[in-house]
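>>> Would you be able to build a 3D model of this:
(chains A and B)
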Amino acid sequence: GENVEQHPSTLSVQEGDSAVIKCTYSDSASNYFPWYKQELGKRPQLIIDIRSNVGEKKDQRIAVTLNKTAKHFSLHITETQPEDSAVYFCAASYGKLTFGQGTILTVHP
Amino acid sequence: DAGVTQSPTHLIKTRGQQVTLRCSPKSGHDTVSWYQQALGQGPQFIFQYYEEEERQRGNFPDRFSGHQFPNYSSELNVNALLLGDSALYLCASSSSPGPATYEQYFGPGTRLTVT
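Residues are numbered from 1 along each chain as shown, chains lettered A, B, ... in the order given. Reported below is the predicted structural model:
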């Protein structure tokens, strides 16, 4: 089955810096790669996603890149703000979501 | 536009008991997937329902079963509860099943504690 590895497990940045989270997947059949933000005690919230026929997608301060050949994808957050602090999960999907282990992002004011 | 709803919010059960969790999908969605999220981990796929049938299943024992109703709402049943079943149970809805499943929106979850 699919296996998703996510790094780093924790990431600490200063407000205004950029943050990058990387994921690799194993199943070449996966065709959809979403990113979720989960605040403590709350539901995972879809923040951006990319399909396998696209290499890059941007939404304001958030961007995702996908390298199908290398089977890896990354989340980029620019101009980080304290409210970006949360756990971020990547996932790979061919119908069912397989999640990475999560990255705890802390943005210091 | 109503989002995904789940009930109950919290539940405490004893080992060996049975539990039923409920989910109503987002308006316009017909596919429901269930996930288990243990503390400090990412959600794990349990199964997906579409047209009242189980379409995909993850690596969970038969103690975990489900149902989908004609109005697209769904139930997750867990029999013979174990301490290890303590987790946040998340329901996600989408507009199509299987490989065509793209955006999945999660409900607030049900926190199950087994003592």
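>>> same question for stretch A:49-67, mean pLDDT?
Averaging pLDDT along stretch A:49-67 yields 94.
>>> near chain B at all, that stretch?
Yes: looking at stretch A:49-67 against chain B by C-beta under 8 Å from any C-beta of the partner chain, the contacts come from A:49, A:51. All C-beta atoms are positioned from the backbone trio N, CA, C, and that covers glycine.
>>> tell me, how many neighbours does residue 7 end up with?
Using chain A here. When neighbours are defined as other C-beta atoms under 10 Å in any protein chain shown, residue A:7 has 14 of them.
>>> please go with chain B instead
So residue B:7, with other C-beta under 10 Å, has 13 neighbours.
>>> Can you tell me the closest non-neighbouring residue to it?
Computed as C-beta to C-beta, 6 or more residues apart in numbering or on different chains, the closest residue to residue B:7 that is not its neighbour in sequence is residue B:22, at 4.9 Å.
>>> Run through the residues of chain A sitting next to chain B.
Residues of chain A lying near chain B (C-beta under 8 Å from any C-beta): A:1, A:29, A:31-32, A:34, A:36, A:42-46, A:49, A:51, A:89, A:91, A:93-102.
>>> Now residue A:12: closest residue in space that isn't a chain neighbour?
Nearest residue to residue A:12, sequence neighbours excluded (C-beta to C-beta, 6+ apart): residue A:106, at 4.7 Å.
>>> right, I mislabeled it, should have said residue B:8
Take residue B:8 and drop its neighbours on the chain: the residue closest to it by C-beta to C-beta, 6+ apart is residue B:110, 6.0 Å away.
>>> Confirm for me that that neighbour is in contact with residue B:86.
No: in this structure residue B:110 lies outside contact range of residue B:86 using C-beta atoms under 8 Å: 11.5 Å.
>>> For the two, indicate the residue with more neighbours.
Higher neighbour count among residue B:110 and residue B:86: residue B:110, with 21 against 17, using other C-beta under 10 Å.
>>> Quick one: residues contacting the residue of chain A found nearest chain B.
Closest approach between chain A and chain B, counting by C-beta to the nearest C-beta: residue A:99, at 3.2 Å. Residues near residue A:99 by C-beta atoms under 8 Å, 6 or more residues apart in numbering or on different chains: A:4, A:36, A:89, A:90, A:91, B:42, B:43, B:44.
>>> Most neighbours of all the residues you listed, which one?
residue A:90 (30 neighbours).
>>> so which strand or helix has that residue?
According to DSSP states H and E, residue A:90 maps onto strand A:86-93.
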